[in-house]
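Participant: Sharing a model prediction with you, sequence too.
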Amino acid sequence: MVDKRKYTTESKIVALGGSNGGLLMGAAATQRPDLFKAIVCEVPLLDMLRYHKFLIARYWIPEYGSSEDAEQFRWLLRYSPYQNIRAGVNVPPMLVTAGANDTRVDPMNAKKFVAALQNNPGQTSPIILHMDFDSGHGSGQSTQQSIDNWTFVFEYVMNQLGM
């Protein structure tokens, strides 16, 4: 899909989001993979049918809903990135990050999403999982950790754009 006003093309768009924005990146990747050159998905919530069973996520039911309610299950299923990986469909290259010590969003979300994409028969673009074993959800990082993580992300973005 080329922008009719010629501002840009999908070959020049890298989307980045973390936490709730990571959920958005997962949804963008599975719903409209044709729109992006690459995606950076940081500390994401990606399995919307089971998210509330891990760590503190049960407190987010008022915000996201619960798959244990039949009506909410139906609309969670429609956008949940993990459940919407389509066999044979290639998503753009992705860098998915997670903090091994994340007490908010269980890193299992990132791990199982990446594993499912890497094992999808139609997936040809690289899907990379970067586990940060020295931090959690991003907060509480030292200045040096934050600099190192942002450097890593921007190196990935610049590489994807051929810079």
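Facilitator: Yes, it's here. Numbers count the residues shown, from 1 in each chain.
Participant: mind listing the helices for this structure?
Facilitator: With DSSP state H as the definition, the chain shows helices at residue ranges 20-31, 61-64, 70-79, 108-118, 143-160.
Participant: Can you tell me which of those helices is most buried?
Facilitator: With neighbours defined as mean count of other C-beta atoms under 10 Å, the helices of the chain peak in mean count at helix 20-31, which reaches a mean of 21. Bear in mind the C-beta positions are built from the backbone N, C-alpha and C, glycine included.
Participant: Alpha carbons of that helix, in CSV - could you do that?
Facilitator: Output in CSV follows, covering the C-alpha atoms of helix 20-31 (Å, rounded to 0.1, in the frame of the first residue of the first chain):
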residue,chain,number,x,y,z
ASN,A,20,0.7,-1.5,26.0
GLY,A,21,2.4,-0.2,22.8
GLY,A,22,4.0,-3.6,22.4
LEU,A,23,0.5,-5.1,22.3
LEU,A,24,-0.2,-2.6,19.5
MET,A,25,2.9,-3.7,17.7
GLY,A,26,1.9,-7.3,17.9
ALA,A,27,-1.6,-6.5,16.6
ALA,A,28,-0.1,-4.4,13.8
ALA,A,29,2.3,-7.2,12.8
THR,A,30,-0.5,-9.9,12.7
GLN,A,31,-3.2,-7.8,11.2
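Participant: and stretch 68-78, how far out from the chain's middle?
Facilitator: For stretch 68-78, the distance between its averaged C-alpha position and the chain's averaged C-alpha position is 20 Å (C-alpha atoms, centre = their mean, to the nearest Å).
Participant: Equivalent analysis for stretch 94-104, please.
Facilitator: On C-alpha atoms, centre = their mean, the centre of stretch 94-104 falls 10 Å from the chain's centre.
Participant: same deal with stretch 67-87?
Facilitator: Counting by C-alpha atoms, centre = their mean, stretch 67-87 is centred 16 Å from the centre of its parent chain.
Participant: go on, stretch 92-101?
Facilitator: 7 Å.
Participant: could you dump the helices of the chain to TSV with distance to residue 49 and mean pLDDT?
Facilitator: Output for the helices of the chain, formatted as TSV (distance: least, C-beta to C-beta, whole Å; pLDDT from 0 to 100):
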stretch	distance to residue 49	mean pLDDT
helix 20-31	13	98
helix 61-64	11	96
helix 70-79	6	97
helix 108-118	11	98
helix 143-160	28	94
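Participant: That'll do, ta.
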